[in-house]
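>>> Here's my sequence, what's the structure:
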Amino acid sequence: MDFAFLSSTMVTLIKAVPTTLILFSLSILSGALLALVITAMRVSGNWFLTGFAKAYIFVFRGSPLLIQMFLVFYGLGQFGVIRYSFLWPFLREPMVCAVLSLALCTAGYSAEIFRGGIRAVSTKEIEAARSVGMSGFLLVRRIIAPIAFRHALPAYSTEIVLMMKSTALASLVTVWEVTGVAQRLISQTYRTMEVFLCAALIYLVLNFIILQAMSLLEYSLSRHRRPYAAPLRA
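Coordinates of the predicted model:
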């Protein structure tokens, strides 16, 4: 095995990691915000909002992410109302299209994860909060949201890892993140095994960091579930 080539390939791919992290961070952040809106619509009780949320979740969970990305990247420019609007200078950029498609997709999955977390909140806890005068936004902020987030965190951490791996599809719309740079190296060197091995190692390290961070977050939010050790008396 050519270790000199592996080291040079690794250095080249690491230079593309910031692009991958920017793509991942923007997609997760915007997708989470959109998922909160979809979740609120889903549990609102209004038939129109609930129906819209169900349709959104069905479409973006039921169709492949690759097709969604192609439709955003190649399809939006087909509409004159978009091509001649103030949005076009942004939507014609590959990075913006990649972030938009990833965010729309993860919002559909995350909305169902958040809804499951809300449904896991015990009605007794809600009734107890109402008995002491909590209602409306205060009830959501102090009782429902923290408990629902703790319940949803394990499944949501899986969705975050999947989104990190899904950023590799952005290379197909000319975003030069880790996978895109790897494919360009392969076209120049014809050494598929070594290049993809380096790329896989980078993704493994990134996902390991993400999983450790999510585990620490889950641990910090579950202090009340850890066994209490009474202090020893002299």
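>>> going forward, measure contacts between C-alpha atoms and count neighbours the same way
Will do.
>>> quick one: low-confidence parts of this structure?
Under the criterion of pLDDT under 70, the regions of the chain flagged as low confidence span 1, 223-234.
>>> Give me the residue at the spatial middle of it.
Centroid-nearest residue in the chain, with C-alpha atoms, centre = their mean: Ile28, separated by 3.7 Å.
>>> Got the phi and psi for it?
For Ile28, the backbone dihedrals (degrees, to the nearest 10) come out as phi -70, psi -40.
>>> quick one, what contacts it?
By C-alpha atoms under 8 Å, 6 or more residues apart in numbering, the contact list for Ile28 reads 103, 106, 160, 163.
>>> how about a cut-off of 7 Å?
Neighbour list for Ile28: Ala103 [criterion: C-alpha atoms under 7 Å, 6 or more residues apart in numbering].
>>> how much space between it and Leu34?
Using C-alpha to C-alpha, to the nearest Å, one gets 10 Å for the distance from Ile28 to Leu34.
>>> what sits against Cys97?
Cys97 neighbours (C-alpha under 7 Å, 6+ apart): 72-73, 91.
>>> same thing but 10 Å
69-74, 76, 90-91, 103, 170, 173, 175 (C-alpha atoms under 10 Å, 6 or more residues apart in numbering).
>>> Out of those residues, which end up buried?
With neighbours counted by 16 or more other C-alpha atoms under 10 Å, the contacts of Cys97 contain buried members at 69-70, 72-73, 76, 91, 103, 170, 173, 175.
>>> Kindly indicate which of those lies nearest Ile147.
Ala103 (24.5 Å; C-alpha to C-alpha).
>>> Quick check, the closest one in contact with Ala32.
Yes. Here Ala103 lies in contact with Ala32, judged by C-alpha atoms under 10 Å, at a distance of 7.9 Å.
>>> which other helices and strands contact the longest helix along the chain?
Longest helix in the chain by number of residues, with DSSP state H as the criterion: helix 192-220. Packing partners of helix 192-220 (3 or more C-alpha pairs under 10 Å, 6 or more residues apart in numbering; DSSP states H and E): helix 3-14, helix 17-42, helix 145-166, helix 178-189.
>>> Just want the angle from that helix to helix 3-14.
50 degrees (axes from the mean of the first three to the mean of the last three C-alpha atoms, to 10 degrees).
>>> tell me which residues in helix 192-220 are buried?
194-196, 198-199, 202-203, 206-207, 210-211, 214, 218.
>>> Looking at the contacts of Cys97, which is nearest Phe58?
Nearest to Phe58, judged by C-alpha to C-alpha, of the contacts of Cys97 is Ala103 at 15.2 Å.
>>> Name the SS class of the closest one, please.
Put simply, Ala103 is helix when judged by DSSP: H, G, I helix; E, B strand; the rest coil.
>>> overlap in contacts of Ala103 and Ala32?
Leu26.
>>> Please spell out which residues along stretch 163-180 are buried.
Buried, per 16+ other C-alpha under 10 Å, within stretch 163-180: 163-165, 167-173, 175-180.
>>> show me the residues around Leu71 that make contact.
Residues in contact with Leu71, defined by C-alpha under 10 Å, 6+ apart, are 65, 77, 97, 101.
>>> for Arg150, what are its contacts?
Residues near Arg150 by C-alpha under 10 Å, 6+ apart: 117-118, 120-121, 156, 217-219, 221-222.
>>> Val72 too?
66, 91-92, 94, 96-98, 100-101, 173.
>>> any idea how far Tyr109 is from it?
18 Å.
>>> and what of Leu153?
Separation of Leu153 from Tyr109 (C-alpha to C-alpha): 13 Å.
>>> what is in contact with the two at once?
Glu159.
>>> Now Gln178: closest residue in space, sequence neighbours ignored.
For the record, residue 178 is Val, not Gln. Ala16 (5.2 Å; C-alpha to C-alpha, 6 or more residues apart in numbering).
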